[in-house]
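K.L.:
only geometry, no sequence info:
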């Protein structure tokens, strides 16, 4: 005599595996998108830093050219475009860059300011000296 047993869980493991696979795929996609956004922001910030340094050198007269034009050229060499440039305190320049690639989170932007080192009341700061007895001072 054969007994017919009904198993109500037929296919439940397949549905669970597909669901977990989709969750894993979604998590990996999110990590990849966030990593891409972080890399783009780092590239935009890097271009802004270099453009600000070049523009500050031009503002101080160390290199020829108009500060914002020099900054735009340097930003362009690094794949970014200069969207803002201003000479803040005589020799200090502030620049804003943007990468032409717009990711899922919007454009990657960088902001940097560069200028001469701050001078103390008595002139430039003294060089750092090591602790006594180490031969550094």
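P.N.:
Received, thanks. Computed from a predicted model, the values in this text were never measured in an experiment.
K.L.:
From residue 97, how far out is residue 14?
P.N.:
50 Å (C-beta to C-beta, to the nearest Å). To be clear about C-beta, it is placed using only N, CA and C from the backbone, and glycine gets the same treatment.
K.L.:
tell me which helix or strand of this protein sits lowest on mean pLDDT?
P.N.:
strand 93-103 (a mean of 87; mean pLDDT, DSSP states H and E).
K.L.:
Tell me which residues of that one come out buried.
P.N.:
Under the neighbour-count criterion of 16 or more other C-beta atoms under 10 Å, strand 93-103 has 93, 94, 95, 96, 97, 98, 99 buried.
K.L.:
tell me what it is packed against?
P.N.:
helix 12-60, helix 67-77, strand 81-87, strand 106-114 (3 or more C-beta pairs under 8 Å, 6 or more residues apart in numbering; DSSP states H and E).
K.L.:
what are the pairing partners of the last one, and which direction each?
P.N.:
On the basis of DSSP bridges, the sheet neighbours of strand 106-114 come out as strand 93-103 (antiparallel).
K.L.:
Check the offset of the strand it pairs with from the chain's centre.
P.N.:
10 Å (C-alpha atoms, centre = their mean, to the nearest Å).
K.L.:
Equivalent analysis for stretch 68-85, please.
P.N.:
15 Å.
K.L.:
got it, and stretch 13-31?
P.N.:
On C-alpha atoms, centre = their mean, the centre of stretch 13-31 falls 30 Å from the chain's centre.
K.L.:
how about it: buried residues?
P.N.:
Within stretch 13-31, judged by 16+ other C-beta under 10 Å, no residue is buried.
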